[in-house]
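Peer 1: got a sequence here, can you build the structure:
(one chain, ligands or ions: 2)
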Amino acid sequence: MTTNSSPQLWLYDTTLRDGTQREGLSVSIEDKLRIAKRLDQLGVPFIEGGWPGANPKDVQFFWQLQEDPLKQAEIVAFCSTRRPNSTAATEPMLQDILAAGTRWVTIFGKSWDLHVTTSLKTTLEENLAMIRDTIEYLRSQGRRIIYDAEHWFDGYKHNPDYALQTLEAAIASGAEWLVLCDTNGGTLPHEIGQIVQDVSSHLSFVTCQETMTKDNGQRIIPQIGIHTHNDSEMAVANAIAAVMAGAKMVQGTINGYGERCGNANLCSLIPNLQLKLGYSCITEDQLTQLTEASRFVSEVVNLAPDEHAPFVGLSAFAHKGGIHVSAVERNPLTYEHIQPEQVGNHRRIVISEQSGLSNVLAKARSFGIDLDQLKAEAKEILQRLKDLESEGFQFEAAEASFALLMHEALGGRQKFFEVKGFQVHCDLVEGKETSNALATVKIAVDGKNILEAAEGNGPVAALDAALRKALVNFYPQIATFDLTDYKVRILNGHTGTAAKTRVLVESGNGRQRWTTVGVSTNILEASYQAVVEGLEYGLLLHSQAEAAVKAST
Ligand SMILES: CC(=O)SCCNC(=O)CCNC(=O)[C@H](O)C(C)(C)COP(=O)(O)OP(=O)(O)OC[C@H]1O[C@@H](n2cnc3c(N)ncnc32)[C@H](O)[C@@H]1OP(=O)(O)O
Ligand SMILES: CC(=O)C(=O)O
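Peer 2: Numbers count the residues shown, from 1 in each chain. Ligands and ions are numbered 1, 2, ... in the order given. Coordinates of the predicted model:
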């Protein structure tokens, strides 16, 4: 828990700049604005919005934010130092930076002599001049400077004297933050900690001798920041090592998006820094928005969320093993490192062949069924679950089917309808992309037999349509049900066409979604089981909702 006396750390989000350097991630201006506003709400104090000279989208983004500014965050424009053998005042990109109208600017410069001579093809002296001129010029235009020392750790390891000279150039010209970058992501935590300590001691010596003054006459004592990449899967650990060695700014991205293997993931860094190390980054209230913010950003950038992401993933607090569930039910501390609610996540109990009685009892409670006094029935359900999973069923993603199985075992499964039989006929016409399918179903509702037929652009769509057509007169609510996803998995592929198929069907009613499962050697039969259970579970939800309304009136 953080208190008023918790040491302050400054978060710096670069999702909109370094994050968009991830392969496969592209955002519109509108997307960038939505993300910036979400990060602002989350309480991130610095948000790097992009590189205004690099593309028209980033230019436009900063202009739009001038019209409609953020509430609390500083929006930061990013750029390189001027090019070799030019002047800062005539560098077009620096004019774009000024036009972006931000108070803060991040300038990245070269720390590694190899990069100076190879990438920039210039002299070590000219690189120092590029850093100095650029920062001095931007300061003369009223900007405050964060200096990103690109390839800092590699540069320092190869030529520490020169690397330190680049930082001294940044200090002498008035940078307020010196952000040490592990650009290639190859450094390990012990090296990061040691090098940050070395730099801190060197800087206290340098800043005693030479410090700039701000416009208000105060001395500028630059502080250290850290920017890490995940190429060695160390980005978060490295950022933490830097903080423990004295860094006061932490740069990263939501969900760890970034070039190659990504940047330090703020969704892991923030809770680690705040809950484990006692630093103050955002308020406790804002921390409870972290999971939602992570999912919001993945939705906007159109990338599936990582379900196994620490802290914010769907599975981050999902308990599957029976032993774990039993203990967590007694005390969550037994298998959870933090309370999921602290980061806006929640505990989940997963049902599978790895379950024990505790999983079944907990899941029953979540369905509103009290099995605690019915141990024999619960054991039977557990055995049935294990038997079905050994036949290829999988209930962890198909909880609606498991709920129906429970009702069945307890003798309370409501029979909304009975399928007496079905037939599907497919026409495959050469040259046509989709097949035409016709399904006929025979069902019984309340003792009445109904025969219905429907077409679809595939056999499952036709079967689903025929079932709905037959049922809708009895259950009008079926018109609101949707089949939202359909997944097929071949279970024992080595047996060729005799392989078993598992079908998962996700259905919805506009408010809730549920998943059902079917397994058979015949894909149509497996689909039929899952589709029928999907309709049945939807009807069950509807009747439970009606009963709840009745009970409350
Ligand atoms: C570590 C990082 O993540 S840094 C950020 C990297 N991000 C990006 O590159 C994304 C945005 N980039 C772009 O849109 C383009 O690369 C631009 C607009 C910046 C530059 O485009 P171009 O002028 O066509 O150059 P190009 O992309 O080939 O980059 C190489 C140039 O950058 C120069 N350069 C590289 N780093 C620096 C630096 N720190 N300071 C000054 N110039 C630099 C090189 O010297 C080279 O110049 P040259 O072509 O005159 O020899
Ligand atoms: C500046 C930056 O993004 C890096 O060095 O990785």
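Peer 1: hmm, who's touching the helix or strand residue 76 falls within?
Peer 2: Using DSSP states H and E, the element containing residue 76 is strand 74-80. Strand 74-80 has contacts (Cβ atoms under 8 Å, 6 or more residues apart in numbering) with 12, 14, 17, 36, 45-53, 62, 65, 69, 93-94, 96-97, 100, 102-109, 146, 148. Glycine gets a C-beta too; all of them are placed from N, C-alpha and C.
Peer 1: the helix or strand of the chain with the lowest mean pLDDT near ligand 2 at all?
Peer 2: Least confident helix or strand, the chain: helix 189-209 with a mean of 86, by mean pLDDT, DSSP states H and E. No - counting by Cβ under 6 Å from any ligand atom, ligand 2 has no neighbours in helix 189-209; the shortest distance is 13.8 Å.
Peer 1: who are the packing partners of that helix?
Peer 2: Here helix 189-209 touches helix 152-158, helix 160-173, strand 177-182, strand 223-228, helix 235-244, going by 3 or more Cβ pairs under 8 Å, 6 or more residues apart in numbering; DSSP states H and E.
Peer 1: quick one: which of these is nearest ligand 1?
Peer 2: Nearest of those to ligand 1, taken as Cβ to the nearest ligand atom: strand 177-182 at 6.9 Å.
Peer 1: packing partners for the closest one?
Peer 2: Against strand 177-182 (3+ Cβ pairs under 8 Å, 6+ apart) you get strand 144-150, helix 152-158, helix 160-173, helix 189-209, strand 223-228, helix 235-244, strand 249-252.
Peer 1: pLDDT wise, what is the closest residue to ligand 1 within the stretch 251-400 of the chain at?
Peer 2: Residue nearest to ligand 1 within the stretch 251-400 of the chain: residue 259 (6.2 Å; Cβ to the nearest ligand atom). With respect to pLDDT, residue 259 scores 97.
Peer 1: one more: residue 219?
Peer 2: 66.
Peer 1: which other helices and strands does the biggest helix by length in the chain contact?
Peer 2: Longest helix of the chain, by residue count under DSSP state H: helix 523-552. Helices and strands touching helix 523-552, as assessed by 3+ Cβ pairs under 8 Å, 6+ apart, comprise helix 399-409, strand 418-427, helix 459-471, strand 482-490, strand 501-508, strand 513-520.
Peer 1: what do you get if the cut-off is 7 Å, keeping everything else the same?
Peer 2: Applying 3 or more Cβ pairs under 7 Å, 6 or more residues apart in numbering; DSSP states H and E, one finds that helix 523-552 contacts helix 399-409, strand 418-427, helix 459-471, strand 501-508, strand 513-520.
Peer 1: residues near the closest residue to the residue of the stretch 251-400 of the chain closest to ligand 1 other than its chain neighbours, how many?
Peer 2: Using Cβ to Cβ, 6 or more residues apart in numbering and skipping the chain neighbours, the partner closest in space to residue 259 is residue 21 (3.9 Å). For residue 21, the neighbour count with other Cβ atoms under 10 Å is 15.
Peer 1: and the gap between residue 21 and residue 373?
Peer 2: According to Cβ to Cβ, to the nearest Å, residue 21 stands 58 Å off from residue 373.
Peer 1: how about residue 425?
Peer 2: 50 Å.
Peer 1: of these two, which one has the most company?
Peer 2: residue 425 (13 against 7).
Peer 1: let me see the contact set for the more buried one.
Peer 2: By Cβ atoms under 7 Å, 6 or more residues apart in numbering, the residues touching residue 425 are 437, 438.
Peer 1: kindly recompute the last result at 6 Å.
Peer 2: If you count contacts by Cβ atoms under 6 Å, 6 or more residues apart in numbering, residue 425 has them with residue 438.
Peer 1: if I look at it, how far off is residue 436?
Peer 2: In terms of Cβ to Cβ, residue 425 sits 9 Å off from residue 436.
Peer 1: do stretch 51-60 and ligand 2 come into contact?
Peer 2: No - Stretch 51-60 is not in contact with ligand 2 by Cβ under 6 Å from any ligand atom; minimum separation 10.4 Å.
Peer 1: which residues touch that stretch?
Peer 2: Outside stretch 51-60, the residues within contact range by Cβ under 6 Å, 6+ apart are 29, 50, 62, 77, 78, 79, 93, 96, 97, 100.
Peer 1: in which helix or strand would I find the residue nearest to the second one when sequence neighbours are not counted?
Peer 2: Leaving aside its sequence neighbours, residue 50 sits nearest to residue 58 (Cβ to Cβ, 6+ apart; 3.5 Å). The secondary structure element spanning residue 58 is helix 56-67 (assigned by DSSP H and E).
Peer 1: neighbours of the nearest residue to residue 181 once chain neighbours are set aside, just the number please.
Peer 2: The shortest distance from residue 181 to any non-neighbouring residue, by Cβ to Cβ, 6+ apart, is to residue 227 (4.3 Å). For residue 227, the neighbour count with other Cβ under 10 Å is 30.
Peer 1: dump the residue contacts of residue 227.
Peer 2: Residues near residue 227 by Cβ under 6 Å, 6+ apart: 179, 181, 251.
Peer 1: please repeat the previous calculation with a cut-off of 7 Å.
Peer 2: Taking Cβ under 7 Å, 6+ apart, one finds 148, 179, 181, 251 in contact with residue 227.
Peer 1: may I have the beta-bridge partners of it?
Peer 2: residue 181, residue 251 (DSSP bridges).
Peer 1: make residue 1 into 320 and carry on from there
Peer 2: Renumbered: residue one is now 320, and that last one reads residue 546.
Peer 1: and the gap between it and ligand 2?
Peer 2: As judged by Cβ to the nearest ligand atom, to the nearest Å, residue 546 and ligand 2 stand 5 Å apart.
Peer 1: dump the contacts of stretch 370-379 to TSV, plus neighbour count and pLDDT.
Peer 2: Shown next, in TSV, are those (neighbours: other Cβ atoms under 10 Å; pLDDT from 0 to 100):
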residue	neighbour count	pLDDT
348	16	97
369	27	98
381	21	97
396	29	98
397	25	98
398	22	98
412	17	95
415	18	97
416	26	97
419	26	97
